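S.K.: Could you look at this predicted model? Sequence included:
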Amino acid sequence: MAFTASQAFDLLRTAFSRNRLPHALLIVGDEHQGASRLILQLLELMNGIRADHLDGVRDEYCRLVRPKSKSRRILRDDIRAVEPFLQQRAAEGKWKIAVFMDAERMNDEAANAFLKTLEEPPSYVIFILATTEIQKVPATILSRCQRYDFTRIGPEDIAQRVEHIACLLYTSPSP
């Protein structure tokens, strides 16, 4: 099922208020569909973290993992670097949050290393994975995440909407 960013946030806010937030979220959508904005809203909701952009997040309870090697891949070492952070307990009322941007960019070794952490996370840890290419995320990771697809308008829908608007414009009486 597809959501808008605001619909997804409303659902997640309700789950959070009922202490029913899943330990792993998969957000499928791009910047224009509000993926980063949704992640920033979640960080503020869960831990009071405020930032204008994900790269501006500086918090002891949040780690951002992005592709940074020359190959633009997330490597096993990137995953291993987050593990000690996840093992340290969070302060009372706080969550440890690991955000993986471009999750489809994990190489096989990174995906396998991440899978071990994802299968048995500490109770105070939330994983947020974001991707625009869901077909490239390993099925073993997909199966352990609650997925939020943002509404996408396909080319056929766009063409139909433009045609409908054009018909309205040309069939309306002139003033």
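M.R.: Now that the structure is in, tell me what you want to look at.
S.K.: Now the element after the helix or strand of the chain at the bottom of the mean pLDDT ranking, going C-ward?
M.R.: Least confident helix or strand of the chain, by mean pLDDT, DSSP states H and E, is strand 2-3 with a mean of 74. Per DSSP states H and E, the first helix or strand lying C-terminal to strand 2-3 is helix 5-17.
S.K.: got the contact list for that following helix?
M.R.: 3, 21-22, 25, 27, 29, 33-35, 37-38, 41-42, 45-46, 148, 150 (CB atoms under 8 Å, 6 or more residues apart in numbering). For glycine as for every other residue, the C-beta is placed from the backbone atoms N, C-alpha and C.
S.K.: Please flag which of those residues sit within helices.
M.R.: Of the contacts of helix 5-17, the ones assigned to helices by DSSP state H are 35, 37-38, 41-42, 45-46.
S.K.: Just the buried subset of those residues, please.
M.R.: 35, 38, 41-42, 45-46 (16 or more other CB atoms under 10 Å).
S.K.: Residue 158: which of the residues you listed is nearest?
M.R.: residue 35 (20.3 Å; CB to CB).
S.K.: Leaving out the residues flanking it, which one is nearest to that closest one?
M.R.: Nearest residue to residue 35, sequence neighbours excluded (CB to CB, 6 or more residues apart in numbering): residue 29, at 4.5 Å.
S.K.: In the protein, which strand is the longest?
M.R.: strand 125-131 (DSSP state E).
S.K.: Name the residues of the helix or strand following that strand that are buried.
M.R.: Counting by DSSP H and E, the next helix or strand C-terminal to strand 125-131 is helix 139-142. Within helix 139-142, the residues scored as buried using 16+ other CB under 10 Å are 141-142.
S.K.: Test my guess that residue 117 contacts residue 76.
M.R.: No. Residue 117 is beyond contact range of residue 76, at 11.7 Å (criterion: CB atoms under 8 Å).
S.K.: The least confident helix or strand of the chain packs against which elements?
M.R.: Strand 2-3 is packed against strand 146-150, with contacts defined by 3 or more CB pairs under 8 Å, 6 or more residues apart in numbering; DSSP states H and E.
S.K.: give me that answer again for 10 Å
M.R.: Judged by 3 or more CB pairs under 10 Å, 6 or more residues apart in numbering; DSSP states H and E, strand 2-3 is in contact with helix 5-17, strand 24-28, strand 146-150.
S.K.: and those as JSON lines, adding mean pLDDT and mean neighbour count?
M.R.: As requested, the helices and strands packed on strand 2-3 are exported to JSON lines (pLDDT from 0 to 100; neighbours: other CB atoms under 10 Å):
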{"stretch": "helix 5-17", "mean pLDDT": "91", "mean neighbour count": "16"}
{"stretch": "strand 24-28", "mean pLDDT": "94", "mean neighbour count": "24"}
{"stretch": "strand 146-150", "mean pLDDT": "89", "mean neighbour count": "18"}
